[in-house]
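>>> Let's see this in three dimensions:
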Amino acid sequence: MDFINVMKSRDGSKIPNVLEEFIIKNAKSFTFQSMETCKIQTEVWNSLSELLRDEEFSDSHTQCLQILKILSRDQQHLDEIVTDSLISLLIEKANLSPQQPSALPKEFNGILEAQKCIFNLVFSHPKSRTLFSETSIAEAIFMRLSVDNPSSIPHEVILFDLKILFLLTALCSNCRPSLRYSLHGIQRLTKYLEHCTANGVDHLDCNTVELCCETLKIIFNLLLSNDKPSDLAVDTENDLQLQCHLMKIIRQFLLVNSNTVKKKEELKSHAINLLTSMSFESYEELIPPSANTEDGFQGCDITTLVVLLEYLDERLDKPARVLQEELLPVLTVLIQFSKTNRIARKFIRSRVLPPLRDVMHRPEEGDTLRNKLCRLMTSPVTQVEFLVAEFLFVLCKENVSRLIKYSGYGNAAGLLAHRGLMMGHPPTHVSTYSSDSEDSGTEEYKQAEHSINPITGSYEPERPNPLDQMSEEQKEYEAVKLVNMIDKLQRKGIIQPARVGEDGKPRAIEHVMELQKD
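Predicted structure coming up:
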């Protein structure tokens, strides 16, 4: 192969041209027909590696790294090609060895190409991923983020540092504990976020927002690991204090003015995702004490809760195909907040389930938050259906009667069946919520209460009983006809009749005649 021959020849007049020709020809390639065999690919990688180690050809090093980046897209034969020596070389060229100075040379294109090659290998090749995780690359990235003025480092370099760190924490779960505890990863990343927001979150440019998003994703991964290294004593109290400090920064991200930069909406989304893995004790930082009556509720600043509910409302109108991804994080946060904080629950309930006035329409009819959520209680997306019902149930202080009042038994049946509450709470049930009174009755509700159908949750005018005009023989005939129809549907597998068991959950019956036992 001419390419390999020129590399081996060490002809300084030909090498730059051959390298540039390869880059132009394969810039968008992901497979390489001319290098199908392992031997050829290995020779190409080795020849480029040798050139990178030779300072005589330093002017061509960036081109060599560009080619390695292109070749790293093809996973074929990488098991044979990737070695400890190659990993060390790429780390050195990315200036990510702890022994190297954090300051970058003026020409950083070669560093960026080495980073991109590392990114490709970590993303797509398990062996490379393992080898990189066993090096000090993460420590070097933390050191680069911790320099006195991180803004002096080019945006692209910091961005790929964070992208590499994200992949390592996402795909190498075994390295999370050491990064979190031994290297104090969350603390260092929190300090980096402090640097990014030093001038206020409303002044963030698109590049800084992008870096903050990547940082939040890494912290999320690190918080997934609770396995502390056996040789390290972890101060749980300090860990909680760190999360409370981080929560104050997250609050700033949630309150950012997203109309100024489109990227800031993405920042808000990643902040909410991170909240799902944060300690519940730190949630109180989202509603700090406030003497301002306009933004306050029972002495707390509930601006963050308003933002979360607006965020939820916007996503309730999304297409079904993206509901799960868009809704689950914010619902999870609101559920946990409502469970653990009385003030938060009372405010959220006042916005989602205000005292009932409209009893003429079904709970799922309309455009209020309650209406939209009730529609999703019968969503075909199981996780969405469950979390929406759980959210409303928590707002009702897990009171079955109150949930049925707001949503109708038909919409709530799935949750009640899952919880074993189809017959209501057992006599031994003890509420874990505060006993403060929250009367939801209105004059409109009380006047129509006797005519509200508990199944639909709405007012229904009285109708004549069709059985009143039937003889006993006709009633018996219709009853047998109904049983036969149910039996037919059951035998075809269309429905599965059930009875409520002693545990309050539905139990399938073997024969339709069992329905007559009671």
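>>> hey, let's count contacts and neighbours off CA atoms from now on
Fine.
>>> Mind jotting down where the strands sit in this structure?
The residue ranges that make up the strands of the chain, judged by DSSP state E, are 296-297, 300-301, 452-453, 458-459, 498-500, 506-508.
>>> Looking at those, which is nearest to residue 184?
In terms of CA to CA, the element of these nearest to residue 184 is strand 300-301, at 31.4 Å.
>>> which residues sit against the closest one?
The set of residues external to strand 300-301 that reach it, using CA atoms under 8 Å, 6 or more residues apart in numbering, is 287, 288, 289, 290, 291, 292, 295.
>>> What ranges does the stretch 401-518 of the chain have for its helices?
With DSSP state H, counting those that start in this stretch as the definition, the stretch 401-518 of the chain shows helices at residue ranges 409-419, 443-448, 472-491.
>>> Can you tell me which of these is most buried?
With neighbours defined by mean count of other CA atoms under 10 Å, none of the helices of the stretch 401-518 of the chain is more surrounded on average than helix 409-419, at a mean of 19.
>>> Can you show me the CA trace of that one as CSV?
The C-alpha coordinates for helix 409-419 follow below in CSV (Å, rounded to 0.1, in the frame of the first residue of the first chain):
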residue,chain,number,x,y,z
TYR,A,409,-62.3,6.0,39.6
GLY,A,410,-61.9,5.0,36.0
ASN,A,411,-58.7,7.0,35.5
ALA,A,412,-57.4,6.0,38.9
ALA,A,413,-58.1,2.3,38.6
GLY,A,414,-54.6,1.4,37.3
LEU,A,415,-52.8,2.9,40.3
LEU,A,416,-55.3,1.5,42.8
ALA,A,417,-55.0,-2.0,41.3
HIS,A,418,-51.2,-1.7,41.4
ARG,A,419,-51.2,-0.5,45.0
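>>> what's that helix packed up against?
Contact partners of helix 409-419 among helices and strands, from 3 or more CA pairs under 8 Å, 6 or more residues apart in numbering; DSSP states H and E: helix 382-395.
>>> State the mean pLDDT of the helix it packs on.
Regarding helix 382-395, the rounded mean pLDDT is 95.
>>> List the buried residues of that helix.
The neighbour-count criterion (16 or more other CA atoms under 10 Å) identifies 384, 385, 386, 387, 388, 389, 390, 391, 392, 393, 394, 395 as the buried residues of helix 382-395.
>>> and if you look at stretch 20-40?
Buried-residue list, stretch 20-40, by 16+ other CA under 10 Å: 23, 31.
>>> CA atoms only for that stretch - export them in CSV, please.
Presented in CSV, the C-alpha positions along stretch 20-40 are these (Å, rounded to 0.1, in the frame of the first residue of the first chain):
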residue,chain,number,x,y,z
GLU,A,20,-3.5,15.4,3.4
GLU,A,21,-4.6,13.3,0.5
PHE,A,22,-5.8,10.6,2.9
ILE,A,23,-7.7,13.1,5.1
ILE,A,24,-9.5,14.7,2.1
LYS,A,25,-10.4,11.3,0.7
ASN,A,26,-11.7,9.7,3.9
ALA,A,27,-13.0,12.7,5.9
LYS,A,28,-16.5,11.3,6.0
SER,A,29,-15.7,7.6,5.9
PHE,A,30,-16.6,5.2,8.6
THR,A,31,-15.2,2.0,7.0
PHE,A,32,-12.2,1.5,4.8
GLN,A,33,-12.4,-1.0,2.0
SER,A,34,-8.7,-0.6,1.1
MET,A,35,-7.7,-1.7,4.6
GLU,A,36,-9.9,-4.8,5.2
THR,A,37,-7.2,-7.0,6.7
CYS,A,38,-6.0,-6.7,10.3
LYS,A,39,-2.4,-6.7,9.1
ILE,A,40,-2.9,-3.6,6.9
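>>> mind checking the end-to-end distance for stretch 442-455?
Taking CA to CA, to the nearest Å, the span from the opening residue of stretch 442-455 to its closing residue is 20 Å.
>>> Kindly give a single PyMOL line that selects the buried subset of the contacts of strand 300-301.
The following PyMOL selection, which keeps only the buried ones among these, applies the criterion 16+ other CA under 10 Å:
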select buried, resi 287
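>>> Turn the contacts of strand 300-301 into CSV, including distance to residue 121.
Converted to CSV, these look like this (distance: CA to CA, whole Å):
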residue, distance to residue 121
287, 43
288, 45
289, 48
290, 50
291, 54
292, 53
295, 50
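>>> before we move on, the earlier item: tell me which of the strands of the chain sits most buried.
When neighbours are counted by mean count of other CA under 10 Å, the highest per-stretch mean among the strands of the chain falls to strand 458-459, a mean of 21.
>>> on that earlier part again, between the helices of the stretch 401-518 of the chain, which one is closest to residue 59.
Residue 59 lies closest to helix 409-419 among these, at 66.4 Å (CA to CA).
>>> Helix 382-395 and that closest one, what's the angle between them?
Between the axes of helix 409-419 and helix 382-395, defined by axes from the mean of the first three to the mean of the last three CA atoms, to 10 degrees, the angle is 100 degrees.
>>> just for this protein, where's the confidence low?
Scanning the chain with the threshold set as pLDDT under 70 gives 1, 100-105, 227-235, 258-261, 293, 295, 425-431, 434-441, 511-518.
>>> can I get the buried residues of helix 382-395 in CSV with distance to residue 326?
CSV is the format used below for these (distance: CA to CA, whole Å):
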residue, distance to residue 326
384, 10
385, 14
386, 15
387, 13
388, 13
389, 17
390, 17
391, 16
392, 18
393, 21
394, 21
395, 21
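>>> any residues touching stretch 111-127, and which ones?
Contact with stretch 111-127 is made by 62, 65-66, 68-70, 72-73, 75, 78-79, 82, 90-91, 93-95, 128-129, 132, 156-157, 160-161, 163-164, 167-168, as judged by CA under 8 Å, 6+ apart.
>>> For ChimeraX, what selects the buried ones among these?
Here is the ChimeraX command that selects the buried residues among the contacts of stretch 111-127 (16+ other CA under 10 Å):
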select :62,65,66,68,69,70,72,73,78,82,90,91,93,94,95,128,129,132,157,160,161,163,164,167,168
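>>> need the contact list for residue 334.
Contacts here follow CA under 8 Å, 6+ apart; on that basis residue 334 touches 308, 391.
>>> Could you check stretch 304-311 and say which residues are buried?
Burial within stretch 304-311, assessed by neighbour count using 16+ other CA under 10 Å, is assigned to 304, 305, 306, 308, 309, 311.
>>> Next, the contact list for the first one, please.
Remark: with contacts taken as CA under 8 Å, 6+ apart, residue 304 is in contact with 251, 254, 255, 286, 287.
>>> tell me the contacts of the closest residue to the fourth one other than its chain neighbours?
Of all residues beyond its chain neighbours, the one nearest residue 286 is residue 251 (5.8 Å), with distances taken as CA to CA, 6 or more residues apart in numbering. With contacts defined as CA under 8 Å, 6+ apart, residue 251 is in contact with 285, 286, 304.
>>> No further questions, thank you.
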